[in-house]
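>>> Here is the input, now give the coordinates:
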Amino acid sequence: MKSSKSDAFFTPRWQAPNTIGALQTMRSGGFSESVYDSFNLGNHVDDAPDAVAKNRALLDAQLPAPARYVNQVHGTHIHIVLDDHSDTLVDADGQFTACKNVPLAIMTADCLPVLLASDDGKEIAALHCGWRSLAGGIIEKALPMFSASPANICAWLGPAIGSSAFEVGAEVRSAFIAHNPEHVCAFKATTDKYLADLPMLAKQKLTHLGVTAIDDAAQCTYTLNERYFSYRRDGQTGRMASVIWRK
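Numbering: from 1, shown residues only. So this is what the prediction gives:
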């Protein structure tokens, strides 16, 4: 299957300088077969390796160099990426670089991808913000890595599970409120659990730390089943990628 820009990926609309490139992939336009149909970029979900390789090559054709991936473990470690390419897959849930033409990729299928760029275009980061990483402080760890102040950093929040579908237990709510009582408004009580708003939680953290230029894709991976993979909806499924690079 041949991909087109319209069905395979899109360019985020955000306040990054024009020296920054970014892409968000979707689930269509690739080579994988059901249940991974069709633009699955995850090689850890039991998809056919040759299909994943073709999909990654399809993405790389849009980038200045092959995308850099990490082994995401729902933690808070942020890997600093240098321009020398290494095949070693590092355990991390974020990537940071000041190098040009080094695309940083984060894979998701409900978790929130967050892209960061300094206003001068000299530093970038890509974060995998599931609730554990977000509650654990991955955003708080990422911002001090920049030479720029938070007021001079812009953020893009990519597609993620929406607040109408992300049901969590009381322990998740407590983990956030323990750090900031203001997070209480990001949780809506159901019968015995809570509906959590991941993008709101990320925005609250970014705003609290001084970031004001925040743009949100406002796309729910769970409800937009023809557009995005969703682990919570389907269980066995593929992965999208959010990619950022310095031109």
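>>> From here on, just use CA atoms for contacts and neighbour counts.
Will do.
>>> Which helix or strand lies directly C-terminal to the helix or strand bottoming out on mean pLDDT in the chain?
Ranking every helix and strand in the chain by mean pLDDT, DSSP states H and E puts helix 5-8 at the bottom, with a mean of 70. With elements assigned by DSSP states H and E, the helix or strand that comes after helix 5-8 is strand 9-10.
>>> Other residues contacting that following strand?
Taking C-alpha atoms under 8 Å, 6 or more residues apart in numbering as the criterion, the residues outside strand 9-10 that touch it are 23-26.
>>> Give the buried residues for stretch 126-146.
Taking 16 or more other C-alpha atoms under 10 Å as the neighbour-count basis, stretch 126-146 is seen to contain the buried residues 126-140, 142-143, 145-146.
>>> Report the separation between the two terminal residues of that stretch.
With C-alpha to C-alpha, to the nearest Å as the measure, the first residue of stretch 126-146 is 12 Å from its last.
>>> List of residues touching it?
Stretch 126-146 is contacted from outside by 72, 74-78, 93-96, 104-108, 110-116, 118, 123, 125, 149-150, 172, 175-176, 198, 202, 205-206, 209, 242-244, using C-alpha under 8 Å, 6+ apart.
>>> ok, now with 7 Å
Counting contacts by C-alpha atoms under 7 Å, 6 or more residues apart in numbering, the residues outside stretch 126-146 that touch it are 74-76, 93-96, 104-106, 111-116, 123, 150, 175-176, 244.
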